[in-house]
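Visitor: Starting from these lines, generate the structure:
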Amino acid sequence: MKKKINIRDEFIKLGQAVKLSGEAFTGVDAKYLIEDGKVSVNGEVEKRRGRKLYNGDIFTLNGNEITVISNAENNK
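Guide: Here you go, the predicted model:
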């Protein structure tokens, strides 16, 4: 399933993005999903929850592909 999350800043950290996407209920849940290697960013497993995701980055979790859409340019 393909989803999108909209952010208003230039980037979002992976842990926050996982939570915002609804794939994790809490930040702790997101942390464990990432640390356990269950999240891929742009096709590669990512274990750093602080990884910055920018406009167009795609992360995959639980068979869902989530694209980050940044509205930072529109906020200037």
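Visitor: Surely residue 61 and residue 39 touch.
Guide: Yes - with contacts defined as Cβ atoms under 8 Å, residue 61 counts as touching residue 39 at a distance of 5.0 Å. Just so you know, the C-beta spots here come from the backbone N, C-alpha and C atoms, and that holds for glycine as well.
Visitor: Overlap in contacts, the two.
Guide: 18, 33 (Cβ atoms under 8 Å, 6 or more residues apart in numbering).
Visitor: Looking at those two, which is more packed in?
Guide: Each of residue 61 and residue 39 has its neighbours counted (other Cβ atoms under 10 Å); residue 39 has more, 26 against 19.
Visitor: Contact partners for that one?
Guide: Shown in contact with residue 39 (Cβ under 8 Å, 6+ apart): 14, 18, 33, 45-46, 59-61.
Visitor: Separate out the buried members of these.
Guide: Buried by 16 or more other Cβ atoms under 10 Å: 14, 18, 33, 46, 59-61, out of the contacts of residue 39.
Visitor: Look up how far residue 58 lies from residue 43.
Guide: Distance of residue 43 to residue 58, given as Cβ to Cβ, to the nearest Å: 8 Å.
Visitor: Flag the shaky bits of this protein, pLDDT-wise.
Guide: 73-76 (pLDDT under 70).
Visitor: can you map out the helices along it?
Guide: 14-21, 27-35 (DSSP state H).
Visitor: what about those helices, which gets the closest to residue 54?
Guide: helix 14-21 (10.8 Å; Cβ to Cβ).
Visitor: Grab the nearest non-local neighbour of the residue nearest to the spatial centre of the chain.
Guide: Closest to where the C-alpha atoms of the chain average out (Cα atoms, centre = their mean) is residue 17, at 3.5 Å. Setting aside the residues directly before and after it, residue 17 is nearest to residue 53 in space (Cβ to Cβ, 6 or more residues apart in numbering), at 5.4 Å.
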